[in-house]
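> the following block contains a protein sequence and its predicted model.
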Amino acid sequence: MTELETAMGMIIDVFARYSGAEGSKQSLTKGELKALMEKELPGFLQSGKDKDTVDKLLRDLDANGDAEVDFNEFIVFVAALTSACHKYFQP
């Protein structure tokens, strides 16, 4: 597999690892999203500084209004975060 194919597979695997613990395997609940972010993106959640971060993020990502983040909504988040990081780290 190419590096990009491997990266795509890893994104799918990370989503699958956290989804379904509390609800559907097809989406992340607020608790699952928080667990994913704490383990996979620890620098994104500044511990204790903003208790509403996950609530706000869930509201922003939840395009269909079902109070969960499905894979398509998750991918939008990953793409936006990747784009922001790319802009930040460019010389």
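Sure thing, it's come through.

> mind listing residues that contact stretch 67-74?
Residues outside stretch 67-74 that contact it (CB atoms under 8 Å, 6 or more residues apart in numbering) are 12, 15, 19, 23-24, 26-30, 33, 58, 61-64, 77. To be clear about C-beta, it is placed using only N, CA and C from the backbone, and glycine gets the same treatment.

> so what's the gap between that stretch and the chain middle?
Distance of stretch 67-74 from the chain centroid (CA atoms, centre = their mean, to the nearest Å) equals 8 Å.

> still on that earlier bit, what subset of the contacts of stretch 67-74 is buried?
Buried members of these, counted by 16 or more other CB atoms under 10 Å: Phe15, Ser19, Ser27, Leu28, Thr29, Lys30, Leu33, Leu58, Leu61, Asp62, Phe77.

> in strands only, show me the contacts of stretch 67-74.
With DSSP state E as the criterion, strands contain Ser27, Leu28 from among these.

> quick revisit: kindly reformat the buried ones among the contacts of stretch 67-74 as CSV containing pLDDT and distance to Cys85.
Supplementary listing: those in CSV, determined by pLDDT from 0 to 100; distance: CB to CB, whole Å:
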residue, pLDDT, distance to Cys85
Phe15, 98, 19
Ser19, 97, 23
Ser27, 96, 25
Leu28, 95, 21
Thr29, 93, 26
Lys30, 88, 24
Leu33, 91, 19
Leu58, 80, 21
Leu61, 85, 17
Asp62, 86, 23
Phe77, 90, 12
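
> got the buried residues for the helix or strand of the chain with the lowest mean pLDDT?
Within the chain, no helix or strand scores below helix 53-61, which has a mean of 81 by mean pLDDT, DSSP states H and E. Buried residues in helix 53-61, counted by 16+ other CB under 10 Å: Val54, Leu57, Leu58, Leu61.
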